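A.B. asks: Here's a sequence, model it:
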Amino acid sequence: MKFFNREREINEILRILNREPDDIYFIYGPLNSGKTALINHIINNELKKSNKKYAVFYVNFREYDISSMDNFVEALFEIDENSKEKTIKSYIESFTKSVNDIINLYYGIKVPEPILNKLFGEKEKGRLVFKFIRDLFMSLNKKGVQPVFILDELQMIKDIVMNGKKPLLKSLFQFLVSLTKERHIAHCLCLSSDSLFIEYVYNTGELEGRAKYLLVDDFDKETALKFMDFLAIEENINLTNEDKELIYSYVGGKAKDIKYVVEESTFKDLREVLDFMLNDEISKLDMFLEVLDYSKPKIEIGNKVIEIKKEDIIKALKLFKDEYEVNKKDISLPVYVYLVKKNILFLNPQKGILKPQSFLIWNAIKKLV
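C.D. replies: Below you'll find the predicted structure:
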């Protein structure tokens, strides 16, 4: 399927990548809002129109079980089986010389096995790893190639410590600041669907003046209806205005859900498809609430462990009976943190707004509470 819309986000990210690196960019949004698809579209299509040369290094931490510093290093690097270089300096020189195309896309940072073993064997792994990446990016930059460092699902490393002491995330942030704000040698894009992680980064002040935030949200209604027209043409089916309004009333602007509905409706009754999806969401939410009768979930806030009560969950969800968006101050911190962790609510930390992760969940809430 062809990529649809997102012109505003595409143009904003292209403007970022076409100027000198100066900030870390956090790209966030609800589950399945299209963050990774957007970035892949820009890399594989839009950057090819540029006169600049790019070396894009994409790392997705979701693909790994990140529980230690070794796992972090393993996620960052891929073995370069074509290189026989044994020293870091000579490898960086040969790697830089081999970069000639406008777009050079790497999944992970390529290194020969002997150098990777050295990175793993180093006691102070973070120090050598960051130095290697910095020197590689500096070498590319001097050749006129713009490094772009993309870290997807960055929240996966939040609890990792370096050498049993310093939080890895803190050291990584300091390193990314050095690449962007201080040396201006690489663009750093951090993607996450974990809005609590974005809130943590946004509110700690650790990156104040050094980071910016870009929300990739679900489609608004006008765009969602146009997306349905686009899909109808792709699938060679007819959708009436009433059909489109019905689809939107069930799934809103969630692109993945809209796509599923349109594709299923090519051989099923539209109302049947939508009712199945909604009933499935109602069953999940009903089970979630029923389990609360038997469990005593707890959430850690700061140094305190707080028990979450079912009546407080119900009270919070009832706020969404008539409103799609609610100010986060209207719900106690432990309760909204728990509901966000359970992927029932999504938090926009810049606006301080909570909303259901999807229209389907919103409709389920309205049916059940």
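A.B. asks: Before we move on, what's the pLDDT of the nearest residue to residue 113 once chain neighbours are set aside?
C.D. replies: If the residues on either side of it in the chain are set aside, residue 113 comes closest to residue 79, at 5.3 Å by C-beta to C-beta, 6 or more residues apart in numbering. (Each C-beta comes from the backbone N, C-alpha and C, glycine too.) What the model reports for residue 79 is a pLDDT of 91.
A.B. asks: right, and residue 79 touches residue 114 too?
C.D. replies: No. Using C-beta atoms under 8 Å as the test, residue 79 is too far from residue 114 to be in contact (10.0 Å).
A.B. asks: shared neighbours of those two, which are they?
C.D. replies: Residues touching both residue 79 and residue 114 (C-beta atoms under 8 Å, 6 or more residues apart in numbering): there are none.
A.B. asks: Can you pull the domain assignment for this structure?
C.D. replies: 7-215, 221-287, 291-368 (automatic domain parsing).
A.B. asks: that older thread, may I have the beta-bridge partners of the residue nearest to residue 113?
C.D. replies: Beta-bridge pairing for residue 79 (DSSP bridges): residue 111.
A.B. asks: Next, find the distance separating it from residue 112.
C.D. replies: As judged by C-beta to C-beta, to the nearest Å, residue 79 and residue 112 stand 7 Å apart.
A.B. asks: Who has more neighbours out of the two?
C.D. replies: residue 112 (22 against 13; other C-beta atoms under 10 Å).
A.B. asks: Run through the residues that contact the more buried one.
C.D. replies: 79-80, 83-86, 91.
A.B. asks: Recalculate using a threshold of 10 Å.
C.D. replies: Residues near residue 112 by C-beta atoms under 10 Å, 6 or more residues apart in numbering: 79-88, 90-91, 94-95, 118.
A.B. asks: what two of the residues you listed have the greatest distance between them?
C.D. replies: 82 and 118 (18.5 Å; C-beta to C-beta).
A.B. asks: And those two? Which one has more around it.
C.D. replies: Taking other C-beta under 10 Å, residue 82 and residue 118 do not tie; residue 118 has more neighbours (16 against 9).
A.B. asks: Return the list of helices and strands in contact with the helix or strand hosting the more buried one.
C.D. replies: If you go by DSSP states H and E, residue 118 is part of helix 113-121. Applying 3 or more C-beta pairs under 10 Å, 6 or more residues apart in numbering; DSSP states H and E, we find helix 113-121 packed against helix 69-76, strand 77-79, helix 88-98, strand 109-111, helix 125-142.
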